[in-house]
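> Sequence and predicted structure are below.
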Amino acid sequence: MPKGKKRKTSTVPPPGQPWISYCRNPARMTAGNRATLLVDGASAYPSMLDAIFAATSTILMDSYIFNDDSAGRAFANALASAARRGVSTWLIRDGAGTWSVDRAFFRKLKEAGVHVLEYRPIAPWRRGFGLLRRNHRKLLVVDGRVGFAGGMNVGGEWLPREDGGQGWHDIHVRIEGPAAQDLSRLALATWKSHGNVDLDRRLFLPEAVSAGEEHVNVVGSGEIKMRRAIRESYLHAIRRAERYIYIANAYFVPDRGFRRALRNACARGVDVRVMVPAKGDILPVRMASQALYGRLLRAGVRIFLWKREVLHAKTAVIDGEWATVGSFNIDHRSWTMNLEVNVDVVGARFSDGLRKVFESDETHCSELSREDWARRPFLQRVVERFFRLFRRWM
């Protein structure tokens, strides 16, 4: 298909904004957006489905997991309905994240007119086979003007328990405005590189329309280019923190540089808090993460253990000025192997909202003390150190 002329949407922020120092590249911030927090599937799924049903021209969607269950069928039906009414609909699913889903499920979507790309199938005989690199993004863009990104895949794990789901705790962000097109560009690039389809950018990147007053930066990591972009964005903000750093992360296995940045922040008097699952869904990752708690606690980092259903969020808020929501786990896989996307939002309104979510979540946590951690069983320490040896594969 013919290419449209690439349009630059970034704007140089006005001088004097307090959040500028937290941004690694302020010129990449896109003005004219409204960002809305969506907490858990109970709020995110209805908002996403409503957007799909309201689509008039295009839909781009990436989902690492897309299950054949009540949640997956709801989204599949919405995508199929959009395609049947003439909306150009494109879905990327990951080969590992959807390996257990019957291929007939996605074949029905294709029959309805949805274009479906399996990113790096794990079967060696399939075209594009791959094992290590995964598309871990969770994004949706409708009509090039409304976008969603965050930690939620498509599956019953994120449905509320009253709806038959598992009630996993997670956070998404809805973007209205020009920054939604930056999400589109990530999906379009993957279709070109792995689907051999060069989509018409004039269709998927319509004229940008301002929808709010917030500056947003969509930070996407690629397989080669920008591979460390999200990590570097995190570290830049952490190094400039003056009051507090609140991080919630489901798979928290920080490398030495990340731990050093948190330790240095504590030394400056910054209130550093990290929220992790008390019982995660992947035991080896939890053990590797726990192997680092002692060092972090001694440095002054406060660790909160989420006690309810699985915590799957990947968020951070710093000083009430910089906040990020996305798919990026603070582990080796996310910054070296996976395709990820985080949405950085600056300004007090959004950051204050995310801070309030974090502080509310603290009431469902127990804080880990240095004394209690030092008394954990010897066998547990051995298991933790064993799994820490494999942290670069997690």
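Alright, I've got the coordinates.
> pretty sure V272 is in a helix, no?
No. Counting by DSSP: H, G, I helix; E, B strand; the rest coil, V272 is not part of a helix but strand.
> That one - how many residues pack around it?
24 (other C-beta atoms under 10 Å). To be clear about C-beta, it is placed using only N, CA and C from the backbone, and glycine gets the same treatment.
> Going forward, count from 759.
Shifting the count to begin at 759 puts that one at V1030.
> Is it bridged to anything, and to what?
Per DSSP bridges, the residues bridged to V1030 are I1003.
> Surely it and L1020 touch.
Yes. The pair V1030 / L1020 is scored as a contact, 5.5 Å apart, by C-beta atoms under 8 Å.
> if I look at those two, which residues touch both of them?
I1003, V1059 (C-beta atoms under 8 Å, 6 or more residues apart in numbering).
> mind listing the helices in this structure by residue range?
Listed in chain order, the helices of the chain (DSSP state H) span residues 798-812, 828-842, 861-869, 938-952, 959-962, 987-997, 1014-1025, 1041-1048, 1051-1057, 1090-1094, 1106-1120, 1128-1132, 1136-1146.
> Compare these and report which one is nearest to V976.
Minimum separation from V976 across these (C-beta to C-beta) falls at helix 938-952, 3.6 Å.
> Any idea which of the helices of the chain gets closest to T1082?
Among those, helix 987-997 sits nearest to T1082 (C-beta to C-beta), with 7.1 Å.
> Tell me how far that closest one lies from the chain's centre.
15 Å (C-alpha atoms, centre = their mean, to the nearest Å).
> quick one: it to helix 1014-1025, angle?
Here helix 987-997 runs at an angle of 20 degrees relative to helix 1014-1025 (axes from the mean of the first three to the mean of the last three C-alpha atoms, to 10 degrees).
> Okay, buried residues for helix 987-997 please.
For helix 987-997, burial by neighbour count (16 or more other C-beta atoms under 10 Å) applies to A987, I988, R989, E990, S991, Y992, L993, H994, A995, I996.
> got JSON lines for those residues, with distance to L807 and pLDDT too?
Shown next, in JSON lines, are the buried residues of helix 987-997 (distance: C-beta to C-beta, whole Å; pLDDT from 0 to 100):
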{"residue": "A987", "distance to L807": "30", "pLDDT": "93"}
{"residue": "I988", "distance to L807": "27", "pLDDT": "96"}
{"residue": "R989", "distance to L807": "32", "pLDDT": "95"}
{"residue": "E990", "distance to L807": "34", "pLDDT": "96"}
{"residue": "S991", "distance to L807": "30", "pLDDT": "96"}
{"residue": "Y992", "distance to L807": "31", "pLDDT": "97"}
{"residue": "L993", "distance to L807": "36", "pLDDT": "97"}
{"residue": "H994", "distance to L807": "35", "pLDDT": "97"}
{"residue": "A995", "distance to L807": "33", "pLDDT": "97"}
{"residue": "I996", "distance to L807": "35", "pLDDT": "98"}
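> farthest pair in the residues you listed?
Pairwise over the buried residues of helix 987-997, using C-beta to C-beta, the maximum falls at A987 and I996, 15.1 Å.
> residue boundaries of the strands in the stretch 809-958 of the chain?
816-821, 846-852, 873-877, 896-900, 904-908, 929-934 (DSSP state E, counting those that start in this stretch).
> Which one of the ones you listed lies nearest to H1090?
Checking these against H1090 by C-beta to C-beta gives strand 846-852 as the closest, at 18.1 Å.
> Apart from its neighbours in sequence, what residue is nearest G922?
Computed as C-beta to C-beta, 6 or more residues apart in numbering, the closest residue to G922 that is not its neighbour in sequence is S828, at 6.2 Å.
> Format the strands of the stretch 809-958 of the chain as a markdown table; extra columns: mean neighbour count, mean pLDDT and distance to G978.
Converted to a markdown table, the strands of the stretch 809-958 of the chain look like this (neighbours: other C-beta atoms under 10 Å; pLDDT from 0 to 100; distance: least, C-beta to C-beta, whole Å):
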| stretch | mean neighbour count | mean pLDDT | distance to G978 |
| --- | --- | --- | --- |
| strand 816-821 | 25 | 98 | 10 |
| strand 846-852 | 24 | 98 | 13 |
| strand 873-877 | 21 | 98 | 14 |
| strand 896-900 | 28 | 98 | 9 |
| strand 904-908 | 27 | 98 | 9 |
| strand 929-934 | 25 | 98 | 13 |
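> picking up where we left off before, now distance to N1007 too, for the helices of the chain, in CSV please.
Shown next, in CSV, are the helices of the chain (distance: least, C-beta to C-beta, whole Å):
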stretch, distance to N1007
helix 798-812, 17
helix 828-842, 23
helix 861-869, 30
helix 938-952, 21
helix 959-962, 31
helix 987-997, 10
helix 1014-1025, 11
helix 1041-1048, 9
helix 1051-1057, 12
helix 1090-1094, 10
helix 1106-1120, 12
helix 1128-1132, 18
helix 1136-1146, 17
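> Of all the ones you listed, which one comes closest to W926?
helix 798-812 (7.4 Å).
> Show me how far that closest one is from its chain's centre.
17 Å.
> If we go by neighbour counts, what in that helix is buried?
D798, G799, A800, S801, A802, Y803, M806, L807, A809, I810.
> and which of these is nearest to R1133?
D798 (34.1 Å).
> what sits against that closest one?
Here D798 is in contact with W916, P918, G925, W926, H927, D928, I929 (C-beta under 8 Å, 6+ apart).
> Serialize those to TSV and add fields for distance to S951.
Shown next, in TSV, are the contacts of D798 (distance: C-beta to C-beta, whole Å):
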residue	distance to S951
W916	28
P918	37
G925	36
W926	31
H927	33
D928	28
I929	29
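> Show me the two of those that sit farthest apart.
The widest separation within the contacts of D798 (C-beta to C-beta) is 14.9 Å, between P918 and I929.
> one step back: pull the number of nearby residues for the residue nearest to G922.
13.
> any idea how far G1038 is from the closest residue to G888 other than its chain neighbours?
Take G888 and drop its neighbours on the chain: the residue closest to it by C-beta to C-beta, 6+ apart is R878, 3.4 Å away. Counting by C-beta to C-beta, to the nearest Å, the gap from R878 to G1038 is 25 Å.
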